[in-house]
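Visitor: the following comprises the amino acid sequence and a computationally predicted model.
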Amino acid sequence: MRPFRQLIAIAAVATLVSACSTGGPSTPVPTSGPPSAGPASDGPPSSPPASAGEPTPLIVGLGFIPSVQFAQFYLADQAGYYDEEGLDVSFLNEIDANLVPKVGQGQVDLGMSDGTSVIPAVSQGIPVRYIATVYGQFPSIVFGKASSGIASAADLEGKKLGIPGRFGSSWIMLQALLDSVGLTPEDLEIVEYPDFGQGAAVAQDAVDAATGFANNEPVQLERTGTEAFVLHVDDVTALPGPGLIVSNATLESKHDAVEDFVRATLRAMDEIVADPSKGLDAAIAAVPELGQDRELQAEILDATVAVWQAPGTEALGEIDLEGWQDSIDFMTELGGLVPNPVTVDQLVSEEFVGGS
């Protein structure tokens, strides 16, 4: 069995990375179609509208690193679902902090972003809308070894907890989790790992717990034969997980293409839920290095699929409007994250999916 530190290196391609969990910009990696978008500007969209009878080009920004977690996009592309909808889709990989402004300015047509990134972005005047939920359950979690004795948020009091930094969605998640039991970060010993080594720190007993992702670090830890505990913020408060975003201008100029893209992607997600091997094969075809440890990638994909749908929703993609309002309220209370008031209607468009 591979040491945990080696597993982290191998599974880096599987880390869900947003503004909260990246050290800096990545090099955009298109997996098909035209070159990736250049620096953000106020110019026209990077993929112009198609002529009559031609496919509509769409540039879609995914997370920081090509990953099995984007299997639904790879499957929809390879299976021809985007082609059937009259779309010419290309992907690029970018961190959340860079991707949201690029979507807002039309450099990228659609992108994946945390809801907790969309709220402050719109509050600061970036004109984006969240149009479909991909992660119905918030993927940022607190985890550690079951032997630590931690079984609830209250048990974190006085414990040593590793984080990448005091920013982003994982930091917001931690504060919400602690707030639910009357604690604050000051009630813990916080250890920062800017190089994202908090998972290794848990394995080496350097910390009692750490922030991570439900479909990454706990999977790796348990693969070493160590039982893990996982604390989910969804158990105490709703935070909107990563989903598809689009600019207001693109939503108007490419409305039908956006609708077609959402439909094709949800079709692929439904197929992967029914048969995860389809998603795994598509991910390995798109990112061949994932095939170096197919078993690990299968476990990560299973954990990813498990958080796609929120309890109580009827279909993938549905948007929890009440959860968005709760998130606005909570992030506003934290101070500084929502400089200007925003409403759910300014943040979300549920015309392509259901709402609850």
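Guide: Received it, and whenever you're ready, just let me know what you need.
Visitor: average pLDDT for whichever strand or helix holds E259?
Guide: If you go by DSSP states H and E, E259 is part of helix 255-274. Averaging pLDDT along helix 255-274 gives 98.
Visitor: now what about that helix, what contacts it?
Guide: For helix 255-274, the external contacting residues (CB atoms under 8 Å, 6 or more residues apart in numbering) are 56, 58, 60, 71-73, 75-76, 79, 81-82, 84-87, 89, 109-110, 131-132, 134, 244, 246, 250-251, 278-279, 301, 305, 308-309, 315-317, 351-353. To be clear about C-beta, it is placed using only N, CA and C from the backbone, and glycine gets the same treatment.
Visitor: in that helix, what counts as buried?
Guide: By neighbour count with 16 or more other CB atoms under 10 Å, helix 255-274 contains the buried residues 257-258, 260-269, 271-273.
Visitor: pLDDT weak spots in the stretch 1-150 of the chain?
Guide: In the predicted model, the stretch 1-150 of the chain carries pLDDT under 70 at residues 1-52.
Visitor: 50 instead, please
Guide: With pLDDT under 50 as the threshold, the stretch 1-150 of the chain has low-confidence stretches at 1-45.
Visitor: how about the helices in it?
Guide: With DSSP state H, counting those that start in this stretch, the ranges of helices along the stretch 1-150 of the chain come out as 4-10, 71-78, 81-84, 96-104, 115-123.
Visitor: from G111, how far off is I126?
Guide: With the distance defined as CB to CB, to the nearest Å, I126 ends up 12 Å from G111.
Visitor: so what sits against both of those two?
Guide: Common contact partners of I126 and G111 (CB under 8 Å, 6+ apart): V100.
Visitor: so these two - more neighbours on which side?
Guide: Between I126 and G111, counted using other CB atoms under 10 Å, the more crowded position is G111 (27 against 19).
Visitor: let me see the contact set for the more buried one.
Guide: Counting by CB under 8 Å, 6+ apart, G111 touches 60-62, 94, 99-100, 102-103, 244-246.
Visitor: mind running it again at 7 Å?
Guide: G111 makes contact with 60-61, 99, 103, 245, according to CB atoms under 7 Å, 6 or more residues apart in numbering.
Visitor: quick one on the thing from earlier: contacts for the next helix or strand after the helix holding E259 next, please.
Guide: Later in the chain than helix 255-274, the nearest helix or strand by DSSP H and E is helix 276-286. Residues outside helix 276-286 that contact it (CB under 7 Å, 6+ apart): 31, 66, 68, 71-72, 74-75, 78, 271-272, 290-291, 297-298, 301-302, 305.
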